[in-house]
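A.B. asks: return a 3D structure for these sequence lines:
(one chain, ligands or ions: 2)
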Amino acid sequence: MKPTTEPRTPPNTAPKTYRVKSFGCQMNVYDGERMAELLDEKGITPAPEGEDADLVVLNTCHIRERAAEKIYSDIGRLTKGKTQEKAPMIAVAGCVAQAEGEEIMKRAPAVSMVVGPQAYHRLPDMLDKAVAGERATDTDMPPIAKFDALPKRRKSAPTAFLTVQEGCDKFCTYCVVPYTRGMEISRPYSDLVREAQGLVEAGAKEITLLGQNVSAWSGEDEKGRAVGLAGLIRALDRVDGLERIRYTTSHPADMDDDLISAHGEVAKLMPYLHLPVQSGNDRVLKAMNRSHTADSYLRLLERFRAARPDLAISGDFIVGFPGETEAEFEDTLRIVDAVRYAHAFSFKYSPRPGTPAATMEDQVPLEVMDERLQRLQAGIGRHQLAFNEASVGKTCEVLIERKGKLPGQWLGKTPWLQSAWFEGDYALGDLVTVELVEANPNSLAARPLVKVTA
Ligand code: 5AD
Ligand code: SF4
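C.D. replies: Ligands and ions are numbered 1, 2, ... in the order given. Below is the predicted model:
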């Protein structure tokens, strides 16, 4: 691909407006929000909807197919036919920046800044350099330093993300995360409790604890005792004004007894578990370097369900891992039926350069992957609809997250993370007790009973 434009030449006007475009996982959404706050602190304001921004931050994800190619076409779209005065200043952030920063700087001269996920607290300084005409790359991976350098949260939506852990030591053979986000690091307990309190003061009612491998979080509580994720969840349970706690994403290897018990004991911990299995076949799981088998995964879920019988289970799947046969894929369909997922994400395997699976023999043809993905998604969809149908008639609380399409209509989430909509005189962030009255594949209609908090 041709370079997109010439590098910018100084002087550059300092940007007045920005837009952060985040792709991929929730951790990127969190990082994107934090970068926006850094830019706010610098006096730059979000570009109004529909208007061009002076600075565009592309906060990239490396997990999906052709992630890097997508960045180049986005850069092309942003700069095509524009003079330097009209074209936005561009920063590339996130995991593609981490993995391919130098390449991006070479191939896309229109990019002024490349900043990795562990270095984005330095974005304001890099921006000053960019205004002075200096292109800058920062893909250092210092442990967790960025969090200390970030501004305090001032405003929060009713649902907020809180990154508690980053990186992953699991080295699943298909995955880039251990290379792009580095080794597992846990943020300190007291920082997290403080940030959670700050988020609640800023308006959050629900906090989702984030980590590539969140169940591996560990720390020391205020008395210096070693605690795992369950200990952190119990501490957040004591934060006044916080109504709901969730966490994602977990690995079966790190789910301990305390976390299982917490699901039965902590009222604020929502009855939802995202626990990727990836495949239902033991040979494939071994080739993926997953440390569980189909059976050990099912037994683990039984223990969670014993602690919290109404638990909604969600997962991730990869179809067409190198060498996957039709019979092996059918084991994946079987595990979907055995678990009865309330929700799941499914992906076609896509080779990531530098990972062991990328050079494995027997890459599965695309048509075969397409066909398997369709069958898998049909299976997941059947269980998701059945789960939603079984919820009809239940009374539960819905946390309002946004307005619906029609006037007076509201959209929120049930404890089981289903989207529910209803009408009435409410506001964002209200927790409304409803009866679930009608199920669709992706949402439920609800009827409000009483308003619980304003
Ligand atoms: N190909 C396809 N899917 C992948 N995932 C991670 N790496 C790949 C890959 N190379 C999926 C896994 C993981 C989710 C976040 O993305 O299912 O759990
Ligand atoms: Fe990637 Fe998750 Fe495996 Fe870690 S546990 S290597 S993040 S798929």
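
A.B. asks: what helices or strands is whatever helix or strand R299 lives in leaning on?
C.D. replies: Using DSSP states H and E, R299 sits within helix 294-307. Counting contacts by 3 or more C-beta pairs under 8 Å, 6 or more residues apart in numbering; DSSP states H and E, helix 294-307 packs against helix 257-265, helix 282-287, helix 326-339. For the C-beta atoms, the positions are set from N, CA and C on the backbone; glycine is no exception.

A.B. asks: one more pass at 7 Å, please.
C.D. replies: Applying 3 or more C-beta pairs under 7 Å, 6 or more residues apart in numbering; DSSP states H and E, one finds that helix 294-307 contacts helix 257-265, helix 326-339.

A.B. asks: just the CA atoms of stretch 227-243, as CSV, please.
C.D. replies: Extracted C-alpha coordinates of stretch 227-243, given in CSV (Å, rounded to 0.1, in the frame of the first residue of the first chain):
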residue,chain,number,x,y,z
VAL,A,227,-6.5,-11.0,48.3
GLY,A,228,-7.7,-12.2,45.0
LEU,A,229,-10.4,-10.8,42.8
ALA,A,230,-13.2,-11.9,45.2
GLY,A,231,-11.5,-9.8,47.9
LEU,A,232,-11.6,-6.8,45.7
ILE,A,233,-15.2,-7.4,44.8
ARG,A,234,-16.1,-7.7,48.5
ALA,A,235,-14.4,-4.3,49.1
LEU,A,236,-16.3,-2.7,46.3
ASP,A,237,-19.5,-4.2,47.7
ARG,A,238,-18.9,-1.8,50.7
VAL,A,239,-18.8,1.3,48.4
ASP,A,240,-22.0,3.3,49.2
GLY,A,241,-23.9,4.2,46.1
LEU,A,242,-22.4,1.5,44.0
GLU,A,243,-25.3,-0.8,43.0
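
A.B. asks: residues in contact with that stretch: which ones?
C.D. replies: 164, 189, 192-193, 196-197, 200, 205-207, 214-215, 217-221, 245, 247, 256, 258-259, 262, 266, 268-269, 431 (C-beta atoms under 7 Å, 6 or more residues apart in numbering).

A.B. asks: can you name the residues that contact P124?
C.D. replies: Counted by C-beta under 7 Å, 6+ apart, P124 has contacts L38, K42.

A.B. asks: and if you look at M255?
C.D. replies: Each residue near M255 by C-beta under 7 Å, 6+ apart is listed here: S215, L300.

A.B. asks: do the same with C175
C.D. replies: The contact partners of C175, by C-beta under 7 Å, 6+ apart, come to T355.

A.B. asks: just the pLDDT for it.
C.D. replies: pLDDT, C175: 94.

A.B. asks: related to what we said a few turns ago, just put the helices and strands packed on helix 294-307 in a markdown table and tack on mean neighbour count, distance to P109 and mean pLDDT.
C.D. replies: Below are the helices and strands packed on helix 294-307 laid out as a markdown table (neighbours: other C-beta atoms under 10 Å; distance: least, C-beta to C-beta, whole Å; pLDDT from 0 to 100):
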| stretch | mean neighbour count | distance to P109 | mean pLDDT |
| --- | --- | --- | --- |
| helix 257-265 | 17 | 48 | 97 |
| helix 326-339 | 17 | 44 | 98 |
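
A.B. asks: before we move on, back to that, and the helix holding R299, how far from the chain's centre?
C.D. replies: Centroid separation for helix 294-307 versus its chain: 24 Å, with C-alpha atoms, centre = their mean, to the nearest Å.

A.B. asks: report the buried residues of the helix or strand just after it.
C.D. replies: Scanning forward in sequence from helix 294-307 by DSSP H and E, the next helix or strand is strand 312-319. Within strand 312-319, the residues scored as buried using 16 or more other C-beta atoms under 10 Å are A312, I313, S314, G315, F317, I318, V319.
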